[in-house]
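Chemist: quick one, what's the 3D model for this:
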Amino acid sequence: MPPAIVVGFVGGFVRHDDSVHSEVQLAARLRQEYPSGVDVETFESYRGEAARKKILSLLGADRGAAPTADEKRNARVILYGHSWGGSEAITVARELGKDGVPVLLTIQVDSVSRFFTNDQVIPPNVAEAVNFYQPDGFVHGQPAIRAADPNRTRIIGNFKSDYRGKPYTCGKYPWFDHYLVKPHTQIECDPDIWNRAEALIRSALSPTGASESKQ
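Modeler: Next comes the predicted model:
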């Protein structure tokens, strides 16, 4: 089985290594759990092309050379992200499809479309996709994703969270997140959301490669 590649995209203008954010924390847990056989990377939401190039470089057994058709076909790639990062995950998946690279799983958490992008339609090179969102506040996520080709992509689900009336628990986040985009931030620091995302990633990385269908 070829090595797997997991790429996470942080939201907004967050640094790719800012450990306050759940996307970065998830990557750290995966690196610890899979010290070999799985390459885990994080990128800013505006560095999708860099992520794509990194994935292609990792696919080639001869590092520095373009991956072969077989190496592309046997790729095991997982993409996840929050906010603009969720949208960027789908953009990168779409570009990888043009490269002939399949994607095992995409995970969007309160995905917000970047300019002139489409984070609603999941490209046919993606085997499974899941969407977690919340509908409130000035910034809120994509409420529904669908497959461009339902015969090739299984939508695990569009799962709604409601934070109205709940206390703000993202204590280490910047003050403006609390006051300007509170619900959008709350879903990002919600451990239940990221535990579910992590379970799906671990399932996709398992020998059977089948993600859990019950959420």
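Chemist: relative to residue 101, how far out is the residue most central in space within the chain?
Modeler: In the chain, the C-alpha closest to the average C-alpha coordinate belongs to residue 80, at a distance of 0.6 Å (CA atoms, centre = their mean). Noted for residue 80: a distance of 16 Å to residue 101, by CB to CB, to the nearest Å. To be clear about C-beta, it is placed using only N, CA and C from the backbone, and glycine gets the same treatment.
Chemist: coming back round to it: part of a helix, is the residue nearest to the centre of the chain?
Modeler: No. According to DSSP: H, G, I helix; E, B strand; the rest coil, the state of residue 80 is strand, so it is not within a helix.
Chemist: what's the nearest residue to it if we skip its chain neighbours?
Modeler: With CB to CB, 6 or more residues apart in numbering as the measure, residue 107 is the residue that lies nearest to residue 80, at 3.8 Å, once sequence neighbours are left out.
Chemist: the one you found: which element?
Modeler: Under the criterion DSSP states H and E, the helix or strand holding residue 107 is strand 103-109.
Chemist: for that strand, packing partners?
Modeler: Judged by 3 or more CB pairs under 8 Å, 6 or more residues apart in numbering; DSSP states H and E, strand 103-109 is in contact with strand 76-82, helix 84-99, strand 126-133, helix 191-205.
Chemist: list the buried residues in the longest one.
Modeler: Of the residues in helix 84-99, those scored as buried under the neighbour-count criterion (16 or more other CB atoms under 10 Å) are 84-97.
Chemist: related to what we said a few turns ago, looking at the helices and strands packed on strand 103-109, which is nearest to residue 13?
Modeler: With respect to residue 13, and counting by CB to CB, the nearest of those is helix 84-99 at 8.7 Å.
Chemist: now that closest one: how far from the chain's centre is it?
Modeler: Here helix 84-99 is found 9 Å from its chain centre; the criterion is CA atoms, centre = their mean, to the nearest Å.
Chemist: also stretch 75-92?
Modeler: Between the mean C-alpha point of stretch 75-92 and the mean C-alpha point of its chain there is a distance of 4 Å (CA atoms, centre = their mean).
Chemist: with stretch 176-187 instead?
Modeler: 20 Å.
Chemist: C-terminal to the worst-scoring helix or strand of the chain on mean pLDDT, what's the next element?
Modeler: Comparing every helix and strand of the chain by mean pLDDT, DSSP states H and E singles out helix 175-180 as the least confident one, with a mean of 78. Towards the C-terminus, the helix or strand next in line after helix 175-180, according to DSSP H and E, is helix 182-188.
Chemist: tell me what that next one is packed against?
Modeler: Contacting helix 182-188 under the criterion 3+ CB pairs under 8 Å, 6+ apart are the following elements: helix 175-180.
Chemist: where are the low-confidence patches of the protein?
Modeler: Per-residue confidence for the chain (pLDDT under 70) gives these ranges: 1, 63-64, 208-215.
Chemist: quick one on the thing from earlier: I'd like the next helix or strand past the strand holding residue 107.
Modeler: Downstream of strand 103-109, the first helix or strand assigned by DSSP H and E is strand 121-122.
Chemist: which one in this protein is furthest away from the centre?
Modeler: residue 165 (27.7 Å).
Chemist: for residue 170, give its distance to residue 185.
Modeler: Residue 170 sits 5 Å away from residue 185 when distances are taken as CB to CB.
Chemist: shared neighbours of the two, which are they?
Modeler: Shared contacts of residue 170 and residue 185 (CB atoms under 8 Å, 6 or more residues apart in numbering): 177-178.
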